[in-house]
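[1] Okay, predicted coordinates and the sequence, questions at the end:
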Number of protein chains: 2
Amino acid sequence: MASVTRWLTDDEQRAWRAFALATRLLTDRLDRDLLAAADMPPTYYELLVLLSEAPERTMRMSELANWTNSKPSRISHAINKLEQKAWVRREHCADDRRGWLAVLTDDGFAALQAAAPRHVVSVREHLIDLLTPEQLRNLEDISRVLLDHLTEPGPSSPSR
Amino acid sequence: MASVTRWLTDDEQRAWRAFALATRLLTDRLDRDLLAAADMPPTYYELLVLLSEAPERTMRMSELANWTNSKPSRISHAINKLEQKAWVRREHCADDRRGWLAVLTDDGFAALQAAAPRHVVSVREHLIDLLTPEQLRNLEDISRVLLDHLTEPGPSSPSR
DNA sequence: CTCTTTTGGTTCAGTGCTGAAATATTTAGC
DNA sequence: GCTAAATATTTCAGCACTGAACCAAAAGAG
């Protein structure tokens, strides 16, 4: 199995480096803007968004973990913090006593509404408004190819 | 200045969400692969790469901070760790006694060489080989637009 | 030359995350 | 039913990073 490494060609190398750097700078930038706009880490903002779109503005801890594909312990910590800020409230789960529900409070919803416009400005300024409609379509197509691949079942080596 | 928020259109919304999720899953994936391949956090790998490409395999701390656009304190911590692993060595800067040089050791270079092939496989598998040549070109073009914008001088509000 | 300011790095305290262990509750086996 | 296995969540120890305070050397001002 001593397969020879297929190094990247010059074209591939250039594309990869540009893409890697661009996405890193972009996410850094958007994260900083969001932090300034919402006074919370971007990951917490995401949790609030999920809750705000859920029925009853309520979700199970494990659901939150799944949708953000992150570890349970992270959600636990995060909800603690958000509870301290009174943006989220914990409620016992009626049908499963092990479980907890995270409920977005009115304060939390208000905080989200206050931050959203600034977030949109940031996304427009650093991404959307920079691209032609065609480029945006291309970017979406490419993203979907990656998503299809990355959300596939098997871990890395599908066949055997 | 009560400008009305220009919310994203449906098309823009779809593209943005797909892109945001795809890049997050992709970087998560690549980072995990790299961690497994190189037995170090991806950010440390990046430092070794920079050093390996520098003349004398040597760089100033501040240079490293600039190129990775991160804070000095991060570099300080990171180089400590890499020094513990004997992959990097600190040397006093001859012409500026405040400064330090980080030098990549032979062990460090070997560690890099050992990890590189697996890293390339990962980048191919989860990105390059999924796209058509045209898509790859489009992705590079888009990335350059973003890079030009993000590396511009002024911070967000260019004029005054 | 001194005196102040700037620059290069490190140290400190605190934050968000992770993997592993611990706890409580539900489900499944018999 | 009663025990065994699985599941939902929290707690714990440790890591990478950040902003602020700090120290030492260099550069500038008079």
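    Structure's in. What do you need?
[2] where does chain A come near DNA strand C, residue by residue?
    For chain A, the residues in contact with DNA strand C (Cβ under 7 Å from any atom of the strand) are A:40-41, A:43-44, A:70-74, A:77-78, A:81, A:96-98. The way it works is simple: take the backbone N, C-alpha and C, and place the C-beta from them, glycine included.
[3] Tell me the one among these nearest to A:A116.
    A:A116 has its nearest neighbour among the residues of chain A next to DNA strand C in A:M40, at 13.0 Å by Cβ to Cβ.
[4] any idea where the helices of chain A begin and end?
    A:10-38, A:42-53, A:61-67, A:72-84, A:106-126, A:133-150 (DSSP state H).
[5] any chance of the ones you listed in JSON lines, with mean pLDDT and distance to chain B too?
    Formatted as JSON lines, those follow (pLDDT from 0 to 100; distance: least, Cβ to the nearest Cβ, whole Å):
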{"stretch": "helix A:10-38", "mean pLDDT": "96", "distance to chain B": "4"}
{"stretch": "helix A:42-53", "mean pLDDT": "97", "distance to chain B": "10"}
{"stretch": "helix A:61-67", "mean pLDDT": "97", "distance to chain B": "10"}
{"stretch": "helix A:72-84", "mean pLDDT": "98", "distance to chain B": "13"}
{"stretch": "helix A:106-126", "mean pLDDT": "97", "distance to chain B": "4"}
{"stretch": "helix A:133-150", "mean pLDDT": "97", "distance to chain B": "4"}
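[6] Tabulate these (CSV), appending mean neighbour count.
    Compiled in CSV, those are given as follows (neighbours: other Cβ atoms under 10 Å in any protein chain shown):
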stretch, mean neighbour count
helix A:10-38, 17
helix A:42-53, 18
helix A:61-67, 16
helix A:72-84, 15
helix A:106-126, 16
helix A:133-150, 17
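[7] With distance to B:E140 as extra columns, can I get these in a markdown table?
    Putting the helices of chain A into a markdown table (distance: least, Cβ to Cβ, whole Å) gives the following:
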| stretch | distance to B:E140 |
| --- | --- |
| helix A:10-38 | 4 |
| helix A:42-53 | 26 |
| helix A:61-67 | 31 |
| helix A:72-84 | 34 |
| helix A:106-126 | 18 |
| helix A:133-150 | 11 |
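[8] B:I142: which of those helices is closest?
    Comparing these against B:I142 with Cβ to Cβ, the closest turns out to be helix A:133-150 (5.4 Å).
[9] out of the helices of chain A, nearest to B:R124?
    That would be helix A:10-38 among these, by Cβ to Cβ, at 8.4 Å.
[10] close to DNA strand D, is that closest one?
    No. Contact of helix A:10-38 with DNA strand D (Cβ under 7 Å from any atom of the strand) is absent, the minimum separation being 7.9 Å.
[11] What is that helix packed up against?
    The helices and strands touching helix A:10-38, judged by 3 or more Cβ pairs under 8 Å, 6 or more residues apart in numbering or on different chains; DSSP states H and E, are helix A:42-53, helix A:106-126, helix B:10-38, helix B:133-150.
[12] how about those helices in CSV, adding distance to B:H126?
    Output for these, formatted as CSV (distance: least, Cβ to Cβ, whole Å):
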stretch, distance to B:H126
helix A:42-53, 22
helix A:106-126, 24
helix B:10-38, 6
helix B:133-150, 13
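[13] Quick one: name the residues of chain A near DNA strand D.
    A:60-62, A:65, A:72-73, A:75-77, A:79-80, A:90, A:93, A:96, A:98-100.
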